[in-house]
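> Mind folding the following:
(chains A and B)
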Amino acid sequence: MKVYIYKLFERFWHWSQAILIFLLFITGFEIHSTYNLMGYELAVKVHNATAWVFLVLIVFAIFWHFTTGEWKQYIPTTKFLKAQFNYYITGIFKGASHPTKKLVYNKFNPLQRIIYLGLKILVIPVQLISGFLYLYFNYPLKGFELQSLELVAIIHTLGAFMLLAFVIAHIYLTTTGHKPLSSMKAMITGWEEMDEESAAELVTSQLEEVLLKTKKEVKTKTNKEALIHKAYADAGEKTGANEAKRDTRFKNAISKSGAGYFCISKEGIYRDVNDAWVALYKYDSQDEIIGKHYRLSRTREDFKELEASAEKVLNGQTINHGEVKRICKDGSEGYHTLTMSPVRINDEITGFEGFIIDTTAKRLAERELLKKQLRENDSKN
Amino acid sequence: MHQRLLLLFLAFIIPFVSFSDEKQSENKISPEERIEVINYIWKADRKTTPVADHSSFPQLQKEFATAHDVTAACISCHTERDKEIMQTNHWMWERTEEIEGKGKVALGKKNILNNFCTGVSGSEATCTRCHIGYGYADKTFDFSNPLNVDCLICHDNSDTYKKKKGGAGYPDESVDLNYVAQNVGKPGRINCGVCHFWGGGGNNVKHGDLEVALLDSRRDVDVHMAIDGEDMSCVDCHITENHQMAGKLYALSSENKNRATCTHCHTDAPHADNLLNEHFRRVACQTCHIPTYAKVNGTKMIWDWSTAGRLDEEGHELHENDADGNHNYLSIKGTFVYDDHVTPEYYWFNGIAGHQLMTDKIDTIPVQMNSLDGSYLDKGNNQRSKEPSKIWPVKAHRGKQIYDPVNNTLIQPKLWSKEKGDSAYWKDFDWHLASKAGMEYIGLPYSGEYDFVETEMYWPLNHMVSPKEQSLTCKDCHTRNNGRLAQLDDFYLPGRDRNKTADFAGIGIVFIAILGVLIHGSLRILFRKKANH
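Got it, this is the predicted structure:
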């Protein structure tokens, strides 16, 4: 299953940086007289021009990291660090699964966090600073001056070797994803292939993120309609829906992962549902459900609980439900988690709406596991 | 097929190309070919002002009894010019210069020792063939008499004037003074070259970049003086005002002043490429643009006086030549090594030179006859040089000279005399007598003992500028081994230098990364196969 992880700018930034660093390697080691390739003069010129382009790209990247909050991805953590390390040392050979899952604000594993942070605040700044000193303070002249290029050159060369070692390991580690090329494809298209469970967790976390944000704003703001639109847009962006509108795979992904939307009037009549909701409840189209009462979404005994929740929401609360059981059109059962928040028009609550995230697969898996354990216990006894 | 088409194309094109080449050499440098220059008018653009016809002047038609009469005739019209010329280095053979640690010193051919024929003292009558005067036979010469000035040596345009060998600067008897006096004008290359090409006793002996081939050379020898180029004369660059010439020689001068520079015409940012212009801050133009010197005839690289004096069985002097026809042994001078197409040596230079004076004690071996001041860290904070030191191409001339091991000074031997028995080494071959006579003549002590000591002299190169296609490229210096600047190791040069420890560590890290990837990857493949079975 594929999930949208890397946004357009992120991918542009990554590959531009990759090309620039590659160019800097090729030309830099020629300047270092490691080999003769394009000629010394051309190598120097390309190296210098590339350095400037790199600087501009970094300025944009810094801006992006801080405006999107993506910088948080790089906050180092020791949690699971050892597990991740052990995974690479032993687990990977035994076919164990990755010890950490990608989540919205945790798309890097703890090792990645530390290494990437090291690159961002140490190696690349050192290379940039030493590089520009090399370039513009290369002759001992008046004003700010270097007494010799030697120290700068040594630092710059060492940095280049470190970066080269990183690139080698980095490229190799891209093959340790779901499939050998999954990570590479993800960095190209934005969509990463992963197992169902990881995908569900990631999408859930993506939606939760949006809902949490919306929830916070619900408490402080009054223009609910605009808020809902914004939440929509945010969810669309987070899950890659906006970019994926042209991409039918997204629809499958979002429906399979369980992100359905519903809007119900205070009388309890479905006003709107999205395709994902329709698919989850196994209806053939929205028309079959819009205008009907939400009673038919639950078993009789479960409906009371839902009704109680609905009442709370109609009184202004927002509710984050645990797992509930739904009754589909054909009478079959399914499981999902649920959020509900009130819909206000002119300060009057006219209904409630929310997202549902399918957890049936997980539930079934758990059930299978339980059965297995029971069987094992039986056979032991 | 493509090749055939190309050949066909070339066959059509070549006749046109070669034709246009011919045309260019006829017209000298065409306006399209010109580079941007300042302070210079291209020859083709100059308005030739009519020059006075000296042959029509009655002053120059009367019979001249002596060369002094010619001078009198010249200054009868060109009044005051005698006073100008008599203040110049060409006349005085000395100038007051400050030498670091030695204060103000009168420096010049009069009193300084060089690494070739040593010095003029005691041998003036032959050496002053290159003095712009008449009668400089010894130290009693009257430098204040205007009639002693030789105007013709510089202003002869007839190419028939020459000075007599051993004649203390007087013209040869064969010279028709009237003819020469009626054919005077601006100095051409031959006027300067007669001394500056043949100094040191033969063509190109001293400079290495100034020699007779420049009278008739092509652009690949010297872009400025080439007859198929601008055909410039010496004074086009060594601009002269009131007989004071721009430019100097660090064999005889010390201070950073009155230098003829490339930037006078070419500016200090003549390249389209900024990267090249940036080099000018620490690299002299000459370094890249004079890739080799002595491009036609050989120049003297080594002169060992200590072997002089060997005679044949009958007591005659020996003359031995090398394969190129250059002397490699002369009884009067010792052993030489010539070389042509020489790669310069490179030194930091800030325009200030030091000198080993006759009175100086020897404190370094080889003795530095002159020394070029400068280093990488010299950024022009030296008070007498505002500019940072630059890398210069230099002809280093090495030798062995006679010195006094007791007084620990160099010796000025008396070399030349008309006759034997006058203590002159070139006649009597007796170093002791020559030293005694020479040192007595200049009033300096001689212990009676002599020996030979290694000496070095440095000649910054300025001429024989090559066409730009032949100038040095990056890799001539920015290369790991055997680059042009391999010896100039007081600074970090990209492409040449590296820190071995840092490189070792860096390569080690990369190697470990590759090794790790290979092992890890192989293990993964191995375990997957196992799992599949």
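> Let me see the domain layout of the chain.
Picked chain A for this. Chain A resolves into domains spanning A:2-193, A:197-366 when parsed by automatic domain parsing.
> The chain in question should be chain B.
Residue ranges for the domains of chain B, per automatic domain parsing: B:1-30, B:501-533.
> Out of these, which gets the lowest mean score?
Taking each of the domains of chain B in turn, the lowest mean pLDDT turns up on domain B:1-30, with a mean of 52.
> For B:P366, grab phi and psi.
As for B:P366, its main-chain torsions (degrees, to the nearest 10) stand at phi -60, psi 150.
> likewise B:F349?
B:F349 adopts backbone torsions of phi -150, psi 130, taken as degrees, to the nearest 10.
> Next: A:V343.
Comment: the main-chain dihedrals of A:V343 come out as phi -110, psi 120, following degrees, to the nearest 10.
> so what's the residue in the stretch 101-250 of chain A positioned nearest to chain B closest to, chain neighbours aside?
Of all residues in the stretch 101-250 of chain A, A:F161 sits closest to chain B, with a separation of 2.8 Å (Cβ to the nearest Cβ). The C-beta positions use only the backbone N, C-alpha and C, and glycine is treated the same way. Distances taken as Cβ to Cβ, 6 or more residues apart in numbering or on different chains put B:G506 closest to A:F161, at 2.8 Å, once the chain neighbours are dropped.
> Contacts only, for that neighbour.
Contacts of B:G506 were listed using Cβ atoms under 8 Å, 6 or more residues apart in numbering or on different chains, and they are A:T157, A:L158, A:A160, A:F161, A:M162.
> Near residue 137, how many other residues are there?
Since you didn't name a chain, this refers to chain A. The tally of other residues near A:F137 (other Cβ atoms under 10 Å in any protein chain shown) stands at 15.
> not quite, I wanted chain B
16.
> What of the one 10 residues further on?
When counting by other Cβ under 10 Å, one arrives at 17 neighbours for B:L147.
> just B:H224 next, same as before
B:H224 has 18 neighbouring residues, counting by other Cβ under 10 Å.
> got the domains of chain A as TSV, with mean pLDDT columns?
Putting the domains of chain A into TSV (pLDDT from 0 to 100) gives the following:
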stretch	mean pLDDT
domain A:2-193	88
domain A:197-366	75
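> what about the helices in the stretch 201-350 of chain A?
For the stretch 201-350 of chain A, the helices defined by DSSP state H, counting those that start in this stretch cover A:224-238, A:241-244, A:248-257, A:275-280, A:300-314.
> Now do the single nearest residue of the stretch 251-381 of chain A relative to chain B, the pLDDT please.
Chain B sits closest to A:K372 of the stretch 251-381 of chain A, with a gap of 21.2 Å, by Cβ to the nearest Cβ. Note for A:K372: predicted pLDDT of 76.
> any residues touching the helix or strand it falls within, and which ones?
Of the helices and strands defined by DSSP states H and E, A:K372 is found in helix A:360-380. Residues external to helix A:360-380 that are found in contact with it (Cβ under 8 Å, 6+ apart): A:E196, A:E197, A:A200, A:G258, A:E323, A:G334, A:Y335, A:H336.
> Tell me the buried residues within those.
Neighbour-count burial (16 or more other Cβ atoms under 10 Å in any protein chain shown) is assigned, among these, to A:A200, A:G258, A:G334, A:Y335, A:H336.
> Next, please give the residue ranges for the strands of the stretch 201-350 of chain B.
Ranges of strands within the stretch 201-350 of chain B are B:240-241, B:244-245, B:299-304, B:319-321, B:327-330, B:334-339, B:345-349, based on DSSP state E, counting those that start in this stretch.
> I meant the stretch 401-533 of chain B, not that one.
Counting by DSSP E, counting those that start in this stretch, the segments of the stretch 401-533 of chain B that form strands are B:409-410, B:451-460.
> now the stretch 1-150 of chain A
Along the stretch 1-150 of chain A, the segments classed as strands by DSSP E, counting those that start in this stretch run A:2-4.
> Chain B contacts on that one?
Taking Cβ under 8 Å from any Cβ of the partner chain as the test, the list of the stretch 1-150 of chain A residues beside chain B reads A:31-33, A:36, A:39-41, A:44-45, A:48, A:88, A:92-95, A:134, A:139-142, A:145, A:147-150.
> Which ones among the residues you listed map onto helices?
A:I31, A:Y40, A:E41, A:V44, A:K45, A:N48, A:I92, A:F93, A:K94, A:Y134, A:E150 (DSSP state H).
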